[in-house]
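1. mind folding the following:
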Amino acid sequence: MECTICETKCDIEEGGMGNCGMYVRLDGCIRERYPDRYLAAVETAIECMPMVHYHPRGKFLQVCTVGCNFKCEGCVSGILTDHLAAIEGTFQILSPERIIRKALEEECLGVMFCFNEPTVSYFSFRKLAETARGNGLLMGCSTNGYLTEEALDGLIPFLDFVNVGLKGFTEQAYLPCGVKDPAPIRRNIEALHRRGVYLEISAVFHKHGEAEIMQAAEFIASLSPDIPLQVMRFIPFGDADCGLEPSVREAEAICRRLRKILRYVYLFNSPGTEDLHSPCPDCGTNIIERGFFGPMASNLFRHLPEGRCSCGFQLPIRGRIHAQCTRETGYFGGYRTINALNRVRSLLEVLDVTDKDRVDAVLGRVVKEDFVKELYDRLNGIDSYLETLDHFGQLTGQKTRAEAFRQYVSSRLTHLEADLARLEKPAVYCSLGHPLIAVFEEKMECRLIATAGGRLTNRLLEREARPGIVISKEQFQSMAPDIIIISDAAAWPVEDFLAFCREQDLDVPAVRSGQVFNLHPYRASTNPDWILGLMRLVQIFHPKAFGFDLGLEAEDFHREFSGRPFDSSPARTFSYQRR
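-> Alright, predicted model coming up:
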């Protein structure tokens, strides 16, 4: 029996399951495996969907399930699909009426289904959309757009706004996702636009992917040059190829070209970029200013009244600009939790726990016991990191492996600390990619800088409620760092960083002397190989005092704790590979 929900059109036998893993055939009918079961239902700003011109700052109830009908490398939420058995017990059974009641109680404008693909929960989504419409609430979603015409026709009467995410434009771009022909996606975008659903488009931009995204822009402009285009600078998660990540400056360059085709182009996943703002096309004044808020999200922190420039230009937004609403970032289904689960999986690899059933069992326990909420703090300190690994060693019967890791780290720390105590500490600034965004001082990168014999200047700064502290030119220069470390989390090559500083006259000792570094191929974040990042920091801060061969250290570490040779271009998680 053919499934008619998405264009994959799986032929499902009785008792069988479709390719997405979310539909089964029972009694001659295609049914959801998990009807009315959600991972999250929490209020948040619409910029986290993301949307930019639709009810800016509006508070919506975000819901998500799990799964997708695509199989894309580097998917931020891939772990939820890979380890579905581990999180089945975390589903909340929520009827449409209960979700709408929660949205009304929280004074939300409506409901938005995002973070995973709503197509794989089609029947639940449609019931929810109908109920929202019946209660006067707005309803929208983010989707890859690969629905059948029949399925989309069943949704459109109940949809108010949609973000369609493009992987590119050609068949070649979609083949890695398991999609043979992207034409149905373009057909569905045309249908949504023609039938009056408010539409924004997001498009992934890979390194050397200019032709793909330019073709996408031409197609969007053929519908309307006023449709906002969100450029998603590709960030490799999981086992994706890090060579596909363009730098922030490369992404900004493609945005300039795209604005010759479309009026409103925005750049995401790029800390510090000016290309998230909405400038007036007549006089250049920023009408709305937004900042980086983690992967595929932004936050609106400043705007002109009613989105109107003082010169008279009105930004074409749908709805009004709302007061700031509460942002919930720690719930299950959000990026922080997914990042935490990836970190747990990396810890398990150190412990030589890689069998999928065993990994599922541990992840399921972590989620059920709400251990995820503690991981951020636990993994951002050396002692608490080792204690956390001990915990999982006890849990999995791998205490000996945990002790071996502790001994490896402790032996290096003892040796380093003895020699560092007598050395002068250089002033060190840790940047979240962009020169004027500082990393929070409690992050592992900053703590390792202090351990490596650096005097962390980030401690002098007041923090804001955003990922990273946006600082002024005066604050940057008052820190007067001797050395600058660029965090792994954002693609700002050293030459781009220095060029920006010189263009903006950011004159500090580190820039004048060229003492600006990123740690590649080593890391100082919460990956298990942070000890190598620490040793690299020591070499940067005190090059004459330490002569150890870090390449050999890296080979020894990875052969011992990942079972593979050291990879000089590692993925963003600890060399995890599906087995």
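2. helix, strand or coil for Arg302?
-> Here Arg302 takes the strand state, with states given by DSSP: H, G, I helix; E, B strand; the rest coil.
3. ok, it - how many residues close by?
-> Counted with other CB atoms under 10 Å, the burial measure for Arg302 works out to 11 neighbours. C-beta: built from backbone N, CA, C; applies to glycine.
4. that one and Pro56: what is the separation?
-> Distance of Arg302 to Pro56, computed by CB to CB, to the nearest Å: 11 Å.
5. show me the common contact partners of these two, please.
-> Counting by CB atoms under 8 Å, 6 or more residues apart in numbering, the residues touching both Arg302 and Pro56 are Ile288.
6. flag every buried residue along the lengthiest helix in the chain.
-> Taking DSSP state H as the criterion, the chain has its longest helix at helix 399-420. Of the residues in helix 399-420, those scored as buried under the neighbour-count criterion (16 or more other CB atoms under 10 Å) are Arg401, Ala402, Ala404, Phe405, Arg406, Tyr408, Val409, Arg412, Leu413, Leu416, Leu420.
7. what's the spacing between the residue of the chain most remote from its centre and Glu97?
-> Relative to the average C-alpha location in the chain, and by CA atoms, centre = their mean, no residue lies farther out than Arg422, which sits at 40.9 Å. Counting by CB to CB, the separation of Arg422 from Glu97 is 69 Å.
8. do the same with His415
-> Summarising the geometry, the distance separating His415 from Glu97, computed by CB to CB, is 63 Å.
9. same question for Leu461.
-> Between Leu461 and Glu97 the computed distance is 47 Å (CB to CB).
10. compare the two (neighbour count), which wins?
-> Neighbours were counted for Leu461 and for Glu97 using other CB under 10 Å; Leu461 has more, 19 against 13.
11. got a pLDDT number for the more buried one?
-> The model reports Leu461 with a pLDDT of 87.
12. cool, Asp241 as well?
-> 76.
13. repeat for Asp567
-> The predicted structure scores Asp567 at 78 on the pLDDT scale.
14. for it, helix, strand, or coil?
-> Per three-state DSSP, the secondary structure class of Asp567 is coil.
15. from here on, count from 16
-> Okay, residue one is now 16; in that scheme the one you just asked about reads as Asp582.
16. give me the neighbour count for it.
-> Using other CB under 10 Å, Asp582 has 13 neighbouring residues.
17. and what of Glu289?
-> 13.
18. what's the nearest residue to it if we skip its chain neighbours?
-> Once its chain neighbours are removed from consideration, Glu289 has its nearest residue in Glu267; the separation is 8.0 Å (CB to CB, 6 or more residues apart in numbering).
19. now do the contacts for Met16.
-> If a contact means CB under 8 Å, 6+ apart, then Met16 has Asp26, Ile27, Glu28, Glu29, Arg40, Gly43, Ile45 as its contacts.
20. what residues of the strand or helix carrying the fifth one count as buried?
-> In this structure, Arg40 sits in strand 38-41 according to DSSP states H and E. Within strand 38-41, the residues that count as buried by 16+ other CB under 10 Å are Tyr38, Val39, Arg40.
21. what's the answer for stretch 374-392, then?
-> Buried residues in stretch 374-392, counted by 16+ other CB under 10 Å: Val374, Asp375, Ala376, Val377, Leu378, Gly379, Val381, Val382, Phe386, Val387, Leu390, Tyr391.
22. just those: which has the poorest pLDDT?
-> Taken together, those show their lowest pLDDT at Val387, with 75.
23. how deep is the residue nearest to that residue when sequence neighbours are not counted tucked in, by neighbour count?
-> Nearest non-adjacent residue to Val387, counting by CB to CB, 6+ apart: Ala355, 4.8 Å away. The local packing of Ala355 (other CB under 10 Å) involves 25 other residues.
24. how far away is Ala355 from Arg335?
-> Distance, Ala355 to Arg335, using CB to CB: 36 Å.
25. same check on Gly169?
-> Taking CB to CB as the criterion, Gly169 is separated from Arg335 by 31 Å.
26. still on that earlier bit, narrow the contacts of Met16 to those in strands?
-> Among the contacts of Met16, the members found in strands (DSSP state E) are Arg40, Ile45.
27. just send the buried residues of stretch 374-392 back as a markdown table, with secondary structure too.
-> What follows is the buried residues of stretch 374-392, written out as a markdown table (three-state DSSP):
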| residue | secondary structure |
| --- | --- |
| Val374 | helix |
| Asp375 | helix |
| Ala376 | helix |
| Val377 | helix |
| Leu378 | helix |
| Gly379 | helix |
| Val381 | helix |
| Val382 | helix |
| Phe386 | coil |
| Val387 | helix |
| Leu390 | helix |
| Tyr391 | helix |
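28. show me what contacts Glu432?
-> Taking CB under 8 Å, 6+ apart as the criterion, Glu432 is in contact with Thr466.
29. same thing but 10 Å
-> Residues in contact with Glu432, defined by CB atoms under 10 Å, 6 or more residues apart in numbering, are Thr466, Ala467, Gly468.
30. how is the chain divided into domains?
-> Domain assignment of the chain by automatic domain parsing yields the ranges 47-322, 356-434, 439-576.
31. so where do the helices sit in the stretch 66-215 of the chain?
-> Chain-ordered helices for the stretch 66-215 of the chain, with DSSP state H, counting those that start in this stretch as the definition, fall at 93-97, 99-102, 111-120, 137-149, 164-170, 186-189, 198-209.
32. what's the closest of the ones you listed to Cys63?
-> When the helices of the stretch 66-215 of the chain are compared by CB to CB, helix 111-120 sits nearest Cys63, at 15.6 Å.
33. show residues contacting the closest one.
-> When contacts are defined by CB under 10 Å, 6+ apart, helix 111-120 is touched by residues 51, 53, 56-58, 74-76, 78, 107, 109-110, 123-126, 139-154.
34. apply 7 Å and report the result again.
-> In this structure, residues lying in contact with helix 111-120 by CB atoms under 7 Å, 6 or more residues apart in numbering are Ala56, Leu76, Val78, Gly125, Val126, Lys142, Leu143, Thr146, Ala147, Asn150, Leu152.
35. list the buried residues for that helix?
-> Of all the residues in helix 111-120, those buried under the rule 16+ other CB under 10 Å are Pro111, Ile114, Ile115, Lys117, Ala118.
36. what about Gly566, how many residues nearby?
-> The burial count assigned to Gly566 is 12, neighbours taken as other CB under 10 Å.
37. that one belongs to a helix?
-> Yes: remark: Gly566 belongs to a helix, assigned using three-state DSSP.
38. rewinding a little: who has more neighbours, Gly169 and Arg335?
-> Here Gly169 and Arg335 are set side by side on neighbour count (other CB under 10 Å), and the busier one is Gly169, at 17 against 11.
39. if I look at the closest residue to Leu394 other than its chain neighbours, what pLDDT would I see?
-> Once flanking residues are discounted, Leu394 sits nearest to Thr541: 4.1 Å by CB to CB, 6+ apart. With respect to pLDDT, Thr541 scores 86.
40. so Thr541: helix, strand or coil?
-> Classified using three-state DSSP, Thr541 is coil.
41. so who does it touch?
-> In this structure, Thr541 makes contact with Arg358, Leu394, Asn395, Met459, judged by CB under 7 Å, 6+ apart.
42. kindly recompute the last result at 8 Å.
-> Arg358, Leu394, Asn395, Tyr400, Met459.
43. sec struct for the third one, please.
-> With three-state DSSP as the basis, the three-state label of Asn395 is coil.
44. burial of it, as a residue count?
-> When counting by other CB under 10 Å, one arrives at 19 neighbours for Asn395.
45. what's the pLDDT at the residue most central in space within the chain?
-> Nearest to the geometric centre of the chain sits Pro310, at 2.7 Å (CA atoms, centre = their mean). What the model reports as pLDDT for Pro310 is 82.
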